[in-house]
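>>> Here's my sequence, what's the structure:
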Amino acid sequence: MALQWFEPNLLSDSDPEDCPLWMDNWSEHELDCLQMKESQCINKYVVEFNHIASQLQGYRDGTLHHFYTGLPNCIKDEICHVGKP
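Numbering: from 1, shown residues only. Okay, the predicted model is just below:
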């Protein structure tokens, strides 16, 4: 039953701009849930973030908030001392 609902959108060769909203929102949801771990290297977080964000239309517009939110508190504390870019 569920496959019949999703299959046409998943297997479609149509224009990616015409994809349903639920397909776009998934990447945004992944950005909302992405968190850098305290022990994680910043480079790994940046690569994961850019990979997910590049799947969003206009991902450069407004993803800075998502990036900052996913940072651990120790890095956010350091940013507070120097200011956000």
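>>> Name the residues of the helix or strand hosting Glu48 that come out as buried.
Element membership for Glu48 (DSSP states H and E) is helix 42-53. Judged by neighbour count (16 or more other CB atoms under 10 Å), helix 42-53 contains these buried residues: 45, 48-49, 52-53. (C-beta placed from N, C-alpha, C; glycine too.)
>>> name the helices or strands packed onto the stretch of helix or strand His81 belongs to?
Secondary-structure assignment from DSSP H and E places His81 in helix 73-82. Other elements packing on helix 73-82 under the criterion 3 or more CB pairs under 8 Å, 6 or more residues apart in numbering; DSSP states H and E are absent; no helix or strand qualifies.
>>> relative to helix 42-53, how tilted is that helix?
Angular relation of helix 73-82 and helix 42-53 on a 0 to 180 degree scale: 90 degrees, by axes from the mean of the first three to the mean of the last three CA atoms, to 10 degrees.
>>> how about helix 73-82 as CSV, C-alpha atoms only?
Below are the C-alpha coordinates for helix 73-82, written out as CSV (Å, rounded to 0.1, in the frame of the first residue of the first chain):
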residue,chain,number,x,y,z
ASN,A,73,28.2,24.1,23.3
CYS,A,74,32.0,24.3,23.8
ILE,A,75,32.4,25.7,20.2
LYS,A,76,29.4,28.0,20.6
ASP,A,77,31.0,29.4,23.8
GLU,A,78,34.1,30.2,21.8
ILE,A,79,32.1,31.9,19.0
CYS,A,80,30.4,34.1,21.6
HIS,A,81,33.8,35.5,22.5
VAL,A,82,34.7,36.4,18.9
